[in-house]
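>>> Mind folding the following:
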Amino acid sequence: MIEKEVKILDVPYALLCQRLEMADAEKLWSKQIHDRYCDTPDGQLAAKGMSVRVRQEGDVTVITTKSKIVGKKGQKKGKYPTKVRKEEDTTVPSLKAAWAAIAVMGLEVVREKHKIRISYRLDANSVCDVDFYDGLPPIVEIESTKRKVIYQRINRLGLADYRVTTWGSRKLFRYYAWWFL
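Alright, predicted model coming up:
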């Protein structure tokens with residue numbers, strides 16, 4: 001599946017909840033998530049714009065492969081900057097099974113993160129996720145099948161004046177490094 005998304009930073013959560021309610025967003029779920037990113041010992045996947053993630057959501061374990069899409073359909077700058085990735089999810093029976101698969105691929109955990117995610121459906125074609133990391137302000141993520149729809153949803157929620165970015169978690173954590181001082 002092709003994932004198109006942006007993150008919106010520094011949105012007060014109470015304000016976001018009001019805006020989601022006004023937009024008739026449907027709360028889908030709230031989960032604790034533990035992500036572990038894997039790579040070869042020498043970082044070959046990252047060098048190719050790829051990653052493998054092992055995600056635990058409660059009792060469910062999913063291995064996700066991600067790869068950047070380059071060219072016209074890939075990450076876009078300009079009017080509608082959007083992060084675009086090809087993602088393939090494989091649900092495995094257990095965390096032990098995930099580690100066995102990771103070992104067979106010759107991968108190891110290179111970083112991990114914990115978060116609480118609350119997911120809302122904005123409409124049939126778009127979702128708004130709110131991620132809560134320890135010590136950081138909430139991070140809003142809007143996903144859709146079309147770039148233009150993402151920005152329409154940002155406007156509909158009244159979030160256009162906030163910082164919109166295509167950063168991944170590593171850049172976000174560097175951006176908020178001052179937060180920990």
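
>>> Distance check, residue 95 against residue 33.
13 Å (CB to CB, to the nearest Å). All C-beta spots, glycine's among them, are computed from the backbone N, C-alpha and C.

>>> joint contacts of those two?
Common neighbours of residue 95 and residue 33, counting by CB atoms under 8 Å, 6 or more residues apart in numbering, are residue 56.

>>> tell me which element residue 29 falls in.
Secondary structure from DSSP states H and E places residue 29 in strand 26-39.

>>> Ignoring the adjacent residues along the chain, who's closest to the most centrally placed residue in the chain?
Nearest residue to the geometric centre of the chain (CA atoms, centre = their mean): residue 141, 6.7 Å. Excluding its sequence neighbours, the residue lying closest to residue 141 (CB to CB, 6 or more residues apart in numbering) is residue 129, at 4.5 Å.

>>> And residue 16, by the same measure?
Excluding the flanking residues, the one nearest residue 16 by CB to CB, 6+ apart is residue 140, at 6.3 Å.

>>> which residues does the one you found form a beta bridge with?
Listed beta-bridge partners, residue 140: residue 8, residue 130 (assigned using DSSP bridges).
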